[in-house]
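# here is a sequence with its predicted model. Questions after.
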Amino acid sequence: MKFLLYTTKYGKSGSVQLNRPLVWVPATLALLGVLLGVGQLGYSLGTARQPEVVAKGGAQWQVLLDEQKQDLDLVRNEAQDQLNALAVRLGQMQAQMLRVEALGQRVKQIAHLKKSEFDFDQLPAQGGPVDPADAELLKTPDFLKALDDMAMQMDDRARQLELLEQVVSRRELSHAVSPAGQPISKGWLSSYYGMRTDPFNGRREMHKGIDFAGQMGTDIVATAAGVVTWAGKRYGYGQLVEINHGKGYSTRYGHCKEILVKAGDKIKPGQKIALMGSSGRSTGPHVHYEVLKNGRQINPTKFVRASR
């Protein structure tokens, strides 16, 4: 290769022959030097900026990690708060359930229900086929709403049971203080309430009670709950027990052989209070049974026929 060179200084032209070693070798070396210099400069600049880039990228990643950590802590705290709220609600519902169960047991006892009919110690039987296509996952809001609805239902059932207990208790108390049944464990009816021929003088006189005859020493039992107001001898009755049942009712048990209670004792229905005898104005072992309402003898027949 041959280049022509022209200069104005000398007014001459010249030529350079590149195929000569003295020309192209130094040119090639010079070009390589320029290229190496440019490469070195680029490398130096890149190396100088690398820590800055790395530092900037690391800082950005640290910020992202901190934000994710804060989000995770927030979610964890919210979940813990929800668990705490559920624990509190669960404790309240457990207390309500214990109250409902206690009321249910009380009502069951008062109503004399069989355990097989209403057992609060066992979960109610449930069942039925399931269609997988209808199955749904329970979400948290739905679960919380279900808890609220259940709590409201439990409160309502507790109020209903309280009212039912009051009604049944009053009914049971009414039965307990109202005379019912016979005042003896064994024996038979020997004389009715009303006008009769007196066994001692033969005249027609009012008999203000019912006589139950039996064997000497047969148990005499209270026909209702109450408090003993008399336990001892009384004219005509011999050994007498009188029980006040409240609501204006009282009962008398006369001609006893032996009295087993004393004045002031609390009596339960069916409790043994004396033994059958023939004390006082009596022709043989029997109990003279009277029912009084507001201090006056009434016909005890309906109470004797009543079953508890």
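Structure's in. What do you need?

# per-residue pLDDT, K293?
Per-residue confidence for K293 comes out at a pLDDT of 91.

# could you report the neighbour count for it?
With neighbours defined by other C-beta atoms under 10 Å, the count for K293 comes to 12. For glycine as for every other residue, the C-beta is placed from the backbone atoms N, C-alpha and C.

# mean confidence for the longest strand belonging to the chain?
Looking across the chain with DSSP state E, the single longest strand is strand 249-259. Per-residue pLDDT values over strand 249-259 give a mean of 96.

# return the set of buried residues in that strand.
Across strand 249-259, burial judged by 16 or more other C-beta atoms under 10 Å covers Y249, S250, T251, R252, Y253, G254, H255, C256, K257, I259.

# ok, stretch 296-308 next?
Taking 16+ other C-beta under 10 Å as the neighbour-count basis, stretch 296-308 is seen to contain the buried residues I298, P300, F303, V304.

# ok, now stretch 187-201?
Of the residues in stretch 187-201, G187, Y193 count as buried by neighbour count, 16+ other C-beta under 10 Å.

# tell me which of the buried residues of stretch 296-308 fall in helices.
Among the buried residues of stretch 296-308, the members found in helices (DSSP state H) are F303, V304.

# among the buried residues of stretch 296-308, which two are most distant?
I298 and V304 (12.0 Å; C-beta to C-beta).

# returning to that earlier point: and the two most separated of the buried residues of strand 249-259?
Pairwise distances among the buried residues of strand 249-259 were taken by C-beta to C-beta; the largest, 25.5 Å, belongs to Y249 and K257.

# and the longest strand of the chain, which strands flank it?
Strand pairing for strand 249-259, using DSSP bridges, gives strand 238-246 (antiparallel), strand 272-276 (antiparallel), strand 286-293 (antiparallel).

# how much space is there between G217 and Q239?
Computed with C-beta to C-beta, to the nearest Å, the distance linking G217 and Q239 is 13 Å.

# so for the two, which residues contact both of them?
Jointly contacting G217 and Q239 under the rule C-beta atoms under 8 Å, 6 or more residues apart in numbering are K257, G277.

# which of these two has more neighbours?
Here G217 and Q239 are set side by side on neighbour count (other C-beta under 10 Å), and the busier one is Q239, at 21 against 11.

# not counting its neighbours along the chain, what's nearest that one?
Computed as C-beta to C-beta, 6 or more residues apart in numbering, the closest residue to Q239 that is not its neighbour in sequence is C256, at 3.9 Å.

# identify the residues contacting that neighbour.
Residues in contact with C256, defined by C-beta under 8 Å, 6+ apart, are I220, G238, Q239, L240, V241, A274, L275, M276, G277, S279, V287.

# of the residues you listed, which is the most crowded?
Ranked by neighbour count under the definition other C-beta under 10 Å, the contacts of C256 are headed by V287 with 32 neighbours.

# just checking, that one touches F212?
Yes: counting by C-beta atoms under 8 Å, V287 sits close enough to F212 to count as a contact (5.2 Å).

# find residues that contact each of those two.
P183, I184, G187.

# now distance to Q62 too, for those, in JSON lines please.
Below are the shared contacts of V287 and F212 laid out as JSON lines (distance: C-beta to C-beta, whole Å):
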{"residue": "P183", "distance to Q62": "95"}
{"residue": "I184", "distance to Q62": "97"}
{"residue": "G187", "distance to Q62": "101"}
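
# low-confidence ranges, the stretch 151-300 of the chain, go.
Screening the stretch 151-300 of the chain residue by residue with the criterion pLDDT under 70, one finds the ranges 156-157, 160-177.

# show me where it has its helices.
With DSSP state H, counting those that start in this stretch as the definition, the stretch 151-300 of the chain shows no helices.

# could I get the strands paired with strand 249-259 as CSV with distance to A85?
Formatted as CSV, these follow (distance: least, C-beta to C-beta, whole Å):
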stretch, distance to A85
strand 238-246, 50
strand 272-276, 58
strand 286-293, 60
